[in-house]
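Novice: everything below, folded, please.
(2 chains, ligands or ions: 2)
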Amino acid sequence: MTTAVRNQELSMSAALNRALADALEADERVLVFGEDVGPLGGVFRVTDGLTARFGEHRVFDTPLAESGIVGTAIGMAMNGMRPVVEMQFDAFAYPAFEQITSHLAKIHNRTRGRVELPVVIRVPYGGGIGGVEHHCDSSEAYYTHTPGLRVVTPGTLGDAYQLLRDAIDSPDPVIFLEPKRRYWSKGPVALDRSGPAMDRALVRRPGKDVTLIAYGPMVATALETAAAAAEEGWDVEVVDLRSLSPFDDETVTESVRRTGRAVVVHEAAGFSGYGAEVVARVTERCFHHLHAPILRVTGFDIPYPPPKLEEHHLPGVDRILDAIARLQWDDEVVGFGG
Amino acid sequence: MSVTDLSARERSLLPTELPLALLDKNGIPVDDPALEMPADDVLLELHRRIVIGRRFDTQATALTRQGRLAVYPSSRGQEACEVGSVLALREQDWLFPTYRDSVALVTRGVDPVQTLTLLQGSWHLGYDPYAHKVGPQCTPLATNTLHAVGLAHAARLKGEDTVALVLLGDGATSEGDTHEALNFAAVWKAPVVFLVQNNGYAISVPMSKQSAAPSLAHKGVGYGVPSCLIDGNDPAAVYATVREAITAAAAGGGPALIEARTYRIEAHTNADDAGRYRDSDEVAAWLDRDPLDRIERYLTGRGLLDDARRAEIQAEAEDFAASVRDGMNAEPELDPADLFAHVYAQPTKALRDQAALLAEELSS
Ligand SMILES: Cc1ncc(C[n+]2csc(CCOP(=O)(O)OP(=O)(O)O)c2C)c(N)n1
Ligand SMILES: [Mg+2]
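Specialist: Ligands and ions are numbered 1, 2, ... in the order given. This next block holds a predicted model:
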């Protein structure tokens, strides 16, 4: 383990790659496998160079079968390994759904804790990359609705590194959602693990007037919105959830009680979406502090649109600003407009 | 195309047309067997364990009638597979069973009450998988095949001499996971033995509606997995075949697929009405091929088994059944707090709150 903080200019893909490399280095039980993760380095290059460095026994291509990847990862974990597997795209994880929900999520409970399954499933996730059908799903709610899984998503470069390291060290199975539209955003990254624990949310920007609750790809959008809102006179706080399951009630509740207003943002369809859970639990805990109903800004309730139309679907700064504007600032009742 | 048009590789992977056997239905050794007859002490142990396994099975079925088990899928008639395959395992090998395989579990040494915990409904699994190297019994069909492949592959990576035996049914061979598991195992040369207990039915659906393959063993060929077809009611043949496959896999030869032709004498479970999809003549024909009769006749004919010894084994089986009854008649210890304790390695805040809520409800 390197102790010196390495502050470097990296893309999110590269930060994830460093996390994998450091985990492989730190623990020989860590294995990385999936489709095209070997010599190619994964379609998003997250596993670039790892086979060359750690050998084919630890970083390898599998046959093309997602249930096979997760099912064998379960067996390997039973035998003491810590598999980190890649699903090539969000929608292509669905063949593995049975192994994930019926076994990965349950075996620890079934065996009363005798069998731990420290498996990480990395899922390139969400839209905004001009991907054609099946390449842009936001599938978080399928996983967060499954007890026994942890669901984590980094919104920043630093978290890409730290959360992936934490996920690999977790004794529980983790669905690790990588916001693919942020794979190539670059910035200085401290490759350390000094942030809060994996299951804690973080206030990314403090503010007094309203809490924007975001995660994964929407964290950057929320921060942009906060900057724009400042010009219109709203002091916006941005909470990055980081861990979707379990949910950090404490951090979020503390923020919303302080600001009295909140908007939840996600790319996934709103109906039965993750935001509904957030609104419900925050309302249950903050009712007397709220000056307006918590609003959601989400993708429409449609199959993910084709690339030339996706801009209409994805929550952007303007739509989020509109939602902030509807938070009953003048004590007049304003409908949802949607 | 005739068999001679096939390449040597293809021929080496193909099963025989007729099921391989060592003993015919009357317990007479077959001529020119392609398998090696197990040693006498193995045959005697096969017999003893089948007697005990069958007694366990009838006891479990009886417990459903008394409401002590929520449901029980009997393996009566399939004991050659349940016992023969497990006895072929070495201590360091792993077993990956299904819901059908309670007899295999007790043969492996799993405590019978812990074996029945799932079916009793007191927890989803009663035993520690590491204690006897028995994977969690899987109800979602064919999913255990992949766990076996993963465990076996990891064993190879670690340099361990471990083979995984996975049990599955004829119906389960139609599931995608079986396909993926055979393929992964073949590509990785994972030491896995797939034993398909073809008992003719998937609940009510007969083989004719399950597969158009010449045999289920043929399914291995397409993956490059050597496959064989055996008489699944011949305990000696099951033991010999599984043992051979384990030895080959342990030596680095990769996986094997064995189709064992057998028959489930009871309904799918006690809740099923088999009369709706099969007739009693069919059952009678299979009763005539009973695996226990077969090995008993052989051993008796050889003078290795006499009435006195049979009575001893029967008494042992009765004792075992009595202990199962006692164990199952005792009220299971249920602790509602368990519901929250093992969802994650450490209960989350939300689960601790919910556990407290339930505890409060229960104490008021
Ligand atoms: C994925 C899945 N689909 C359906 C079922 C319901 N089911 C339980 S047993 C069974 C029949 C299985 O037949 P087979 O594989 O031949 O095994 P057998 O019961 O005959 O031992 C079915 C359909 C299930 N358990 N899992
Ligand atoms: Mg069957």
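
Novice: now do residue B:42: how many residues are near it, please.
Specialist: A count of neighbours around residue B:42, defined by other Cβ atoms under 10 Å in any protein chain shown, yields 18. For the C-beta atoms, the positions are set from N, CA and C on the backbone; glycine is no exception.

Novice: give me the number of residues near the residue nearest to it when sequence neighbours are not counted?
Specialist: Excluding its sequence neighbours, the residue lying closest to residue B:42 (Cβ to Cβ, 6 or more residues apart in numbering or on different chains) is residue B:239, at 6.5 Å. Other residues within reach of residue B:239, judged by other Cβ under 10 Å, total 26.

Novice: the one 4 residues further on too?
Specialist: Residues near residue B:243, counting by other Cβ under 10 Å, number 21.

Novice: report the separation between the closest residue to it other than its chain neighbours and residue B:235.
Specialist: Here the nearest residue to residue B:243 in space, its sequence neighbours aside, is residue B:88; by Cβ to Cβ, 6+ apart that works out to 4.2 Å. For residue B:88, the distance to residue B:235 equals 10 Å [Cβ to Cβ, to the nearest Å].

Novice: quickly list what the closest residue to ligand 1 within chain B is bridged to.
Specialist: When scored by Cβ to the nearest ligand atom, chain B has residue B:169 as its residue closest to ligand 1, at 2.2 Å. Counting by DSSP bridges, residue B:169 forms beta bridges with residue B:197.

Novice: still on that earlier bit, who has more neighbours out of residue B:88 and residue B:235?
Specialist: Neighbours around residue B:88 and residue B:235, counted as other Cβ under 10 Å, are more numerous at residue B:235. The numbers are 32 against 25.

Novice: ok, now which ones touch that one?
Specialist: Contacts for residue B:235 (Cβ atoms under 8 Å, 6 or more residues apart in numbering or on different chains) come out as B:23, B:43, B:46-47, B:50, B:79-80, B:83-84, B:291, B:294-295.

Novice: around chain A, pick out the residues from the stretch 251-364 of chain B.
Specialist: By the criterion of Cβ under 8 Å from any Cβ of the partner chain, the positions of the stretch 251-364 of chain B lying close to chain A are B:338, B:341-345, B:348-350.

Novice: most neighbours among those residues, which one?
Specialist: Counting by other Cβ under 10 Å, top hit in those: residue B:344 with 23 neighbours.

Novice: remind me which residues of the stretch 51-200 of chain A are low pLDDT?
Specialist: Within the stretch 51-200 of chain A, the set of residues satisfying pLDDT under 70 is empty.

Novice: OK, contacts around the residue of it found nearest ligand 2?
Specialist: When scored by Cβ to the ion, the stretch 51-200 of chain A has residue A:98 as its residue closest to ligand 2, at 19.6 Å. For residue A:98, the contacting residues are A:67, B:140, B:143, B:177, taking Cβ under 8 Å, 6+ apart as the criterion.

Novice: the longest strand seen in chain A pairs with which strands, and in what direction?
Specialist: Counting residues, the longest strand in chain A under DSSP state E turns out to be strand A:262-269. Using DSSP bridges, the strands paired with strand A:262-269 in its sheet are strand A:210-214 (parallel), strand A:295-299 (parallel).

Novice: please enumerate the strands of chain A.
Specialist: Going by DSSP E, chain A shows strands at A:7-11, A:30-34, A:59-61, A:82-86, A:120-125, A:150-152, A:174-179, A:186-190, A:202-205, A:210-214, A:236-240, A:243-245, A:262-269, A:295-299.

Novice: any idea how far chain B is from the residue positioned nearest the centre of chain A?
Specialist: The centre of chain A sits closest to residue A:153, judged by Cα atoms, centre = their mean, with a distance of 1.8 Å. Using Cβ to the nearest Cβ, to the nearest Å, we find residue A:153 at a distance of 17 Å from chain B.

Novice: can you get me a residue count around residue B:127?
Specialist: 22.

Novice: for it, give me the pLDDT.
Specialist: The predicted local confidence for residue B:127 comes out at a pLDDT of 98.

Novice: tell me which helix or strand the closest residue to it other than its chain neighbours sits in.
Specialist: Of all residues not flanking residue B:127 in the chain, residue B:114 sits nearest, at 4.1 Å (Cβ to Cβ, 6+ apart). Using DSSP states H and E, residue B:114 sits in helix B:112-120.
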